[in-house]
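Q: Provided below for reference: sequence and predicted model.
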Amino acid sequence: MKTSAVVSDTIGPFPSTIGEEKAAALDSIRRAQAGDVDAFELLYREHAGRIYALCLRLKAGDSSDATELMQDVFIRAWRRLETFRGDCAFSSWLHRLAVNTMLENARSDRRRIARVLPMDDTSRLERAARQSGVDLRMDMENAIASLPKGARLAFVLHDVEGYQHQEIAEQLSVSVGTVKAQLHRARRLLRERLER
Amino acid sequence: MTHEVIRHLLDDYVTGELMEDARGPVADHIAGCEICAAEVESLKAILARAADLPKSIDPPAEAWSNIRSAIERDKIAVATYAGISARFWRAPYTLAAAAVLLVILSSAGTALYMSSRNSDERSSRVAASSPTSAATPATLAAFTIEENTYLRNVAVLQDILDQQEASLAPETVAQLKASLRTIDEAILEARNALARDPANKLLIEMLSSTYRQKVDLLRRTTEMTRGS
């Protein structure tokens, strides 16, 4: 851990349409699409916190894996910027890219032996929780990190990030019923672990 | 609806995703069932805690510099492979052609099979012909750091060859040029594929191996011109 976490609770849900993007952000997107790295940095500064928070939770609090995933997401975003047509908000496009990148990396790493999560791995989430002023959040973050992968993905995407069942099913290439079952399982496990 | 059926509907009831016509019966059941009422409260508490989690967490400070480095390397790579060292090939060369051709054949052969469209075949061939492939970076982020080193090495070696080009025979230059073009095409092909599929470790291995072949070819040619 090299830096302290800075947390914002004031960010609203992802905008669903390009119309909700600010004019300055649209300008940055267009300039970045034309090859302007400084403009892309502005986009990074605007979205990195939220994408990193998502990556941390998708990676069960492992800050090293989460950082690597986030870097892959933004490198991939740069290379695919020309494919962003404004059909959805840029933040939603990035968010989807993060989930897809994580899923593709997971498929590539299928044979990799699962690592035991060291204590330090959750420290970034822990600091984030503490700086938010609610200690209970850390219990929640730890409980989410301890969930089985499928249940964790469904819970993070639906209950933390606000995706709909159908959207999650499409991204994970599973049925809506499977998503609901994983969500049910995740909530049950969380209740058991948090209400001990 | 029975208690067991309703228990399976409580998630959707709490999140507001339950069909409207089912909400009434479920609500009526909850009003008279302590178990379901407790489960509803517990679910609401979980959802409230999920909603209360921080939405944004600052990433490590070095993350952007890593990303920027990768982007800059992309730009360098495009510039390098789009107009590959035209000035290098202007002057004639005079060196032992047989030794260079040996290198060319080996490198070109590797590049050619890397451009094969059969990924399984490529995988086995790369593994068999790349004794250092175990050290290949496992991720795109790690590879981009290694790629920068390759690009620097290529630039240095080509500068050296620029200065020694008069010592190579024209026919050797032509062979070398053809061989390097084949390698560069393989690099471009792998690069483009990697842009579409950045998590593909096979592509990372292929690209890394192709870079090694290019550096090796340039290095050995440089060594031979020195010895001539």
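A: Cool, the structure landed. Numbering: from 1, shown residues only, chains lettered A, B, ... in the order given.
Q: tell me the strands in the chain, going along the chain?
A: Since you didn't name a chain, this refers to chain A. For chain A, applying DSSP state E gives strands covering A:7-8.
Q: Chain B, not that one
A: All strands of chain B, identified by DSSP E, fall at B:56-57.
Q: where in it is pLDDT low?
A: In the prediction, chain B carries residues with pLDDT under 70 at positions B:76-138, B:163-165, B:224-228.
Q: residue ranges for the helices of it, please.
A: Assigned by DSSP state H, the helices in chain B fall at B:3-7, B:10-15, B:20-32, B:34-51, B:62-82, B:97-114, B:119-129, B:140-164, B:170-196, B:201-227.
Q: among those, which is the most enclosed?
A: Mean neighbour count (mean count of other Cβ atoms under 10 Å in any protein chain shown) peaks for helix B:201-227 among those, with a mean of 21. C-betas here are computed from N, CA, C, even on glycine.
Q: just to revisit the earlier point, quick one, which of the helices of chain B is nearest to A:Ala23?
A: helix B:62-82 (23.6 Å; Cβ to Cβ).
Q: low pLDDT regions in chain A?
A: Applying pLDDT under 70 to chain A picks out residues A:1-22, A:106-137, A:196.
Q: from it, which residue is nearest to chain B?
A: Per Cβ to the nearest Cβ, A:Gly49 is where chain A lies closest to chain B, at 3.4 Å.
Q: In contact with A:Gln33, which residues?
A: A:Leu81, A:Glu82, A:Phe84 (Cβ atoms under 8 Å, 6 or more residues apart in numbering or on different chains).
Q: Please tell me how far the residue nearest the centre of chain A sits from A:Gly35.
A: Taking Cα atoms, centre = their mean, the centroid of chain A lies closest to A:Leu54, which sits 1.9 Å from it. Between A:Leu54 and A:Gly35 the distance, using Cβ to Cβ, to the nearest Å, works out to 27 Å.
Q: on that earlier part again, is it possible to export the helices of chain B to TSV including distance to A:Ser64?
A: Putting the helices of chain B into TSV (distance: least, Cβ to Cβ, whole Å) gives the following:
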stretch	distance to A:Ser64
helix B:3-7	40
helix B:10-15	33
helix B:20-32	44
helix B:34-51	24
helix B:62-82	11
helix B:97-114	31
helix B:119-129	27
helix B:140-164	11
helix B:170-196	22
helix B:201-227	18
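Q: Which one, of those, ends up nearest to A:Ala77?
A: Evaluated over the helices of chain B, closeness to A:Ala77 peaks at helix B:62-82, with 9.2 Å, by Cβ to Cβ.
Q: Which residue is the nearest non-sequential neighbour of the closest residue to chain A within chain B?
A: Closest to chain A within chain B is B:Ser56: 3.4 Å, counting by Cβ to the nearest Cβ. The shortest distance from B:Ser56 to any non-neighbouring residue, by Cβ to Cβ, 6 or more residues apart in numbering or on different chains, is to A:Gly49 (3.4 Å).
Q: Can you verify my assumption that the one you found contacts B:Trp64?
A: No - assessed by Cβ atoms under 8 Å, A:Gly49 is found out of contact with B:Trp64, at 11.9 Å.
Q: per the record, what domains does chain B have?
A: B:3-51, B:62-227 (automatic domain parsing).
Q: residue contacts, A:Gln71?
A: Taking Cβ under 8 Å, 6+ apart, we find A:Gln71 in contact with B:Ala63, B:Asn66, B:Ile67, B:Ala70, B:Ala141.
Q: farthest pair in those?
A: Taking Cβ to Cβ, no two of those sit farther apart than B:Ala63 and B:Ala70, at 11.0 Å.
Q: May I see the buried residues of stretch A:140-153?
A: Buried residues in stretch A:140-153, counted by 16 or more other Cβ atoms under 10 Å in any protein chain shown: A:Met140, A:Glu141, A:Asn142, A:Ala143, A:Ile144, A:Ala145, A:Leu147, A:Gly150, A:Ala151, A:Arg152, A:Leu153.
Q: what's next to stretch A:34-49, contact-wise?
A: The contact list for stretch A:34-49, computed with Cβ under 8 Å, 6+ apart, reads A:6, A:8, A:11, A:25, A:27-32, A:70, A:74, A:78, A:81, A:90-91, A:94, B:56-59, B:63-64, B:67-68, B:71-72, B:75.
Q: Okay, buried residues for it please.
A: Buried positions in stretch A:34-49, judged by neighbour count with 16+ other Cβ under 10 Å: A:Val37, A:Ala39, A:Phe40, A:Glu41, A:Leu42, A:Leu43, A:Tyr44, A:Glu46, A:His47, A:Ala48, A:Gly49.
Q: For the second one, which non-adjacent residue is closest in space?
A: For A:Ala39, the nearest residue in space outside its immediate sequence neighbours is A:Arg31; the separation is 3.5 Å by Cβ to Cβ, 6+ apart.
Q: distance of the one you found from A:Leu43?
A: Using Cβ to Cβ, A:Arg31 is found at 9 Å from A:Leu43.
Q: Between the two, which contacts overlap?
A: Common contact partners of A:Arg31 and A:Leu43 (Cβ under 8 Å, 6+ apart): none.
Q: that older thread, is the residue of chain B closest to chain A in a bridge, and if so with what?
A: A:Ser8 (DSSP bridges).
Q: Can you report how many residues neighbour it?
A: Using other Cβ atoms under 10 Å in any protein chain shown, B:Ser56 has 21 neighbouring residues.
Q: how close does it get to A:Arg193?
A: Distance from B:Ser56 to A:Arg193, by Cβ to Cβ: 25 Å.
Q: Let me see the contact set for B:Ala195.
A: Listed by Cβ under 8 Å, 6+ apart, the contact set of B:Ala195 reads A:Arg79, A:Arg80.
Q: Try it again at 10 Å.
A: Contacts of B:Ala195 were listed using Cβ atoms under 10 Å, 6 or more residues apart in numbering or on different chains, and they are A:Ile75, A:Arg76, A:Trp78, A:Arg79, A:Arg80, B:Asp74, B:Leu140, B:Leu203.
Q: sorry, back to before: for the contacts of A:Gln71, could you give me CSV that also reports distance to chain A?
A: What follows is these, written out as CSV (distance: Cβ to the nearest Cβ, whole Å):
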residue, distance to chain A
B:Ala63, 6
B:Asn66, 5
B:Ile67, 5
B:Ala70, 5
B:Ala141, 5
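Q: Pipe those into JSON lines and attach distance to B:Thr182 per row.
A: Listed next are the contacts of A:Gln71 as JSON lines, based on distance: Cβ to Cβ, whole Å:
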{"residue": "B:Ala63", "distance to B:Thr182": "37"}
{"residue": "B:Asn66", "distance to B:Thr182": "32"}
{"residue": "B:Ile67", "distance to B:Thr182": "32"}
{"residue": "B:Ala70", "distance to B:Thr182": "26"}
{"residue": "B:Ala141", "distance to B:Thr182": "28"}
